[in-house]
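Participant: Kindly return the folded structure for what I paste below:
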Amino acid sequence: QLQLVESGGGLVHTGDSLRLSCLASGRAVSSYAMGWFRQAPGKERERVAAISRGGNSKDYVDSVKGRATISRDNGRNTWYLQIDSLKPQDTGIYYCGVADIFGEVMKGSIDVWGQGTQVTVSS
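Facilitator: Below you'll find the model as predicted:
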């Protein structure tokens, strides 16, 4: 059974960079499309970035375009989200989630979620 564990969150300052990790166990990361989602206080969860099963299709929400990079390391069975030039509005709980196909991730139709990691960006 697939399990996902996020890490890498924390308290950072405006302008800092952060790399979040999503470690998969039980199945290979190459078996899934994957997305990073965040939930800010008082707001609905939104998709931040997504990557296809093959890794050749990627998508980013407008608010992080040019500042974020989603990637995957098959050897470590881990996905990553690097965000540079962090802003206070990047604050939230970041979740990774997977689905069989990219389109499902893009719609937010997620089969397995991680537990989330808190990112707080101070101004």
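Participant: going forward, measure contacts between C-alpha atoms and count neighbours the same way
Facilitator: Will do.
Participant: list the contacts for Gln1?
Facilitator: If a contact means Cα atoms under 8 Å, 6 or more residues apart in numbering, then Gln1 has 25-27 as its contacts.
Participant: Pull the contacting residues for the residue nearest the centre of the chain.
Facilitator: Nearest to the geometric centre of the chain sits Trp36, at 2.3 Å (Cα atoms, centre = their mean). Neighbouring residues of Trp36 by Cα under 8 Å, 6+ apart: 47-50, 81, 94-97.
Participant: and if we set it to 7 Å?
Facilitator: With contact taken as Cα atoms under 7 Å, 6 or more residues apart in numbering, Trp36 is in contact with 47-50, 94-97.
Participant: Sketch out the helices for the chain, chain order is fine.
Facilitator: Using DSSP state H, the helices of the chain run over 102-107.
Participant: ok, which stretches of it are strands?
Facilitator: For the chain, the strands defined by DSSP state E occupy 3-7, 10-13, 18-25, 33-39, 46-51, 58-60, 68-73, 78-83, 92-99, 112-113, 117-122.
Participant: Same list, those, but as CSV with distance to Val105 please.
Facilitator: Putting these into CSV (distance: least, Cα to Cα, whole Å) gives the following:
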stretch, distance to Val105
strand 3-7, 15
strand 10-13, 25
strand 18-25, 15
strand 33-39, 6
strand 46-51, 7
strand 58-60, 10
strand 68-73, 14
strand 78-83, 14
strand 92-99, 6
strand 112-113, 11
strand 117-122, 19
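Participant: Please render those strands as JSON lines that adds mean pLDDT to the earlier fields.
Facilitator: Shown next, in JSON lines, are the strands of the chain (pLDDT from 0 to 100):
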{"stretch": "strand 3-7", "mean pLDDT": "98"}
{"stretch": "strand 10-13", "mean pLDDT": "98"}
{"stretch": "strand 18-25", "mean pLDDT": "97"}
{"stretch": "strand 33-39", "mean pLDDT": "98"}
{"stretch": "strand 46-51", "mean pLDDT": "98"}
{"stretch": "strand 58-60", "mean pLDDT": "98"}
{"stretch": "strand 68-73", "mean pLDDT": "97"}
{"stretch": "strand 78-83", "mean pLDDT": "98"}
{"stretch": "strand 92-99", "mean pLDDT": "98"}
{"stretch": "strand 112-113", "mean pLDDT": "98"}
{"stretch": "strand 117-122", "mean pLDDT": "98"}
